[in-house]
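# A predicted structure for the sequence below; I have some questions about it.
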There are 2 protein chains.
Amino acid sequence: MADVKTGVNPLFLREEELRQGMELLFYAYRDFTAEPDAILGKIGLGRAHHRVIYFIGRNPAITVTELLSILRITKQSLSRVLSELVRSGFVTQRPGVRDRRQRLLELTEKGVDLERQLSESQRQRIAKAYRKAGAVAVEGFREVMLGIIDDEDRPKFTAKLDRAALKR
Amino acid sequence: MADVKTGVNPLFLREEELRQGMELLFYAYRDFTAEPDAILGKIGLGRAHHRVIYFIGRNPAITVTELLSILRITKQSLSRVLSELVRSGFVTQRPGVRDRRQRLLELTEKGVDLERQLSESQRQRIAKAYRKAGAVAVEGFREVMLGIIDDEDRPKFTAKLDRAALKR
DNA sequence: GCGGTTGTGTCAACATGGCTGACGTAAAAA
DNA sequence: TTTTTACGTCAGCCATGTTGACACAACCGC
């Protein structure tokens, strides 16, 4: 049972290691969101708006249902945020071609600008971390993060067939 | 400017890589918090209570100020959550010895139980990801995550001298 | 010992972003 | 034709953050 190298219970080490992992996630997320939050605050928007803008920018012509499944919130919650973004001219909606009930969402030029501004500090933060850690570490980071994410969303990061395009 | 191997603009690749990193953080955090949130909901508590319980459990006899600096919220926000936890018998307070203005926070037995229950699914999630990815990947994960975290909190994960103990 | 600083608490008001439940409409699919 | 789907909206509630103001005890430096 004794760990020869350290003289410490290996179960304790494991527990400590896992707790460190949990805390890394907490601190990283806390710091990752801090800067965009500050920018958003100045223009009367919140983190929820950033998420919506981000994923629309990332998946042009995304539908409301697809967006809901990414964010895992209710349509009522999304609706509030989304309609604010449409009203203030960051996002446009147009009916789907194959299914006219759908509202395909796109960023306006103004929306693209805001998205870029908001994500800039985050991109820089990730870039700095990647650069400092090196390619091997980045690959390890990717693997561990993928393991943390629920199975169903993992394919998003591997095969990049455009599921979205099939639907419209 | 052209990337010989892929025939793709390397700036685009870099952008894609960074965006993937950002999304990994979003999805990992979303899934990491989902299960404890569900448990908390049933007993009328929220994620904020989990965070407080977690960090008190992790740093027994932590002071309010120290807790505030970890959570980066206002004392008024913490106060509400903390007093609920004290009132419901998850946390105890006692005056500091060296500084009697301080309230040293500890989990009660009930608090320890709840903490364990809440963090269990998270520990398992991390453990599964670590196991699957392997030791090298875990080290890479650690390095990248540390790079994402603000400088000031990075020492928490390296030198583990007990700063807290010096203060009381 | 006095005066400033620190640790903590509290009251009040407000914003954000979740939630549930209910109801409605248009379009697609069976 | 009926049912299901995609989406919207109204209303109300809750959790969790914010700012600002005030209070008090205790500590620290001069």
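That came through, no problem.
# So for the longest helix along chain A, what gets flagged as buried?
If you go by DSSP state H, chain A has its longest helix at helix A:10-42. For helix A:10-42, a neighbour-count test (16 or more other C-beta atoms under 10 Å in any protein chain shown) marks A:18-33, A:35-36, A:40 as buried. C-betas here are computed from N, CA, C, even on glycine.
# Excluding sequence neighbours, find me the nearest residue to the residue minimising distance to the centre of chain A.
Centroid-nearest residue in chain A, with C-alpha atoms, centre = their mean: residue A:51, separated by 6.9 Å. Closest residue to residue A:51 apart from its sequence neighbours, by C-beta to C-beta, 6 or more residues apart in numbering or on different chains: residue A:71 at 6.2 Å.
# any idea how far the residue of chain A found nearest DNA strand D is from residue A:98?
Going by C-beta to the nearest atom of the strand, DNA strand D is nearest to residue A:65 of chain A, at 3.0 Å. Residue A:65 sits 14 Å away from residue A:98, going by C-beta to C-beta, to the nearest Å.
# For the two, indicate the residue with more neighbours.
Shown here are residue A:65 and residue A:98; by other C-beta atoms under 10 Å in any protein chain shown, residue A:65 has more neighbours (13 against 8).
# Do you know the pLDDT at that one?
Among the per-residue scores, residue A:65 holds a pLDDT of 97.
# circling back to that earlier point, for the residue nearest to the centre of chain A, identify the helix or strand it belongs to.
In the assignment (DSSP states H and E), residue A:51 maps to helix A:47-58.
# what sits up against that helix?
A:33, A:36-37, A:40, A:62, A:67, A:70-71, A:77-78, A:81-82, A:84-85, A:90-91, A:105-107, A:111-112, A:114-115, A:118-119, B:19, B:22-23, B:26 (C-beta atoms under 8 Å, 6 or more residues apart in numbering or on different chains).
# Show me where chain A has its helices.
Going by DSSP H, chain A shows helices at A:10-42, A:47-58, A:64-71, A:75-87, A:109-133, A:135-148.
# how near is the residue nearest to the centre of chain A to residue B:90?
Separation of residue A:51 from residue B:90 (C-beta to C-beta): 31 Å.
# Flag every residue of chain A that's near DNA strand D.
Residues of chain A lying close to DNA strand D (C-beta under 7 Å from any atom of the strand) are A:63-65, A:75-76, A:79, A:82-83, A:93, A:96, A:99, A:101-103.
# If you rank these by neighbours, which is first?
residue A:82 (23 neighbours).
# tell me the phi and psi of whatever residue of chain A ends up closest to DNA strand C?
Among all residues of chain A, residue A:46 sits closest to DNA strand C, at 1.6 Å; criterion: C-beta to the nearest atom of the strand. Dihedral angles of residue A:46 (phi, psi; degrees, to the nearest 10) stand at phi -130, psi -180.
# buried ones in the helix holding residue A:51?
In terms of neighbour count (16+ other C-beta under 10 Å), helix A:47-58 has its buried residues at A:48-57.
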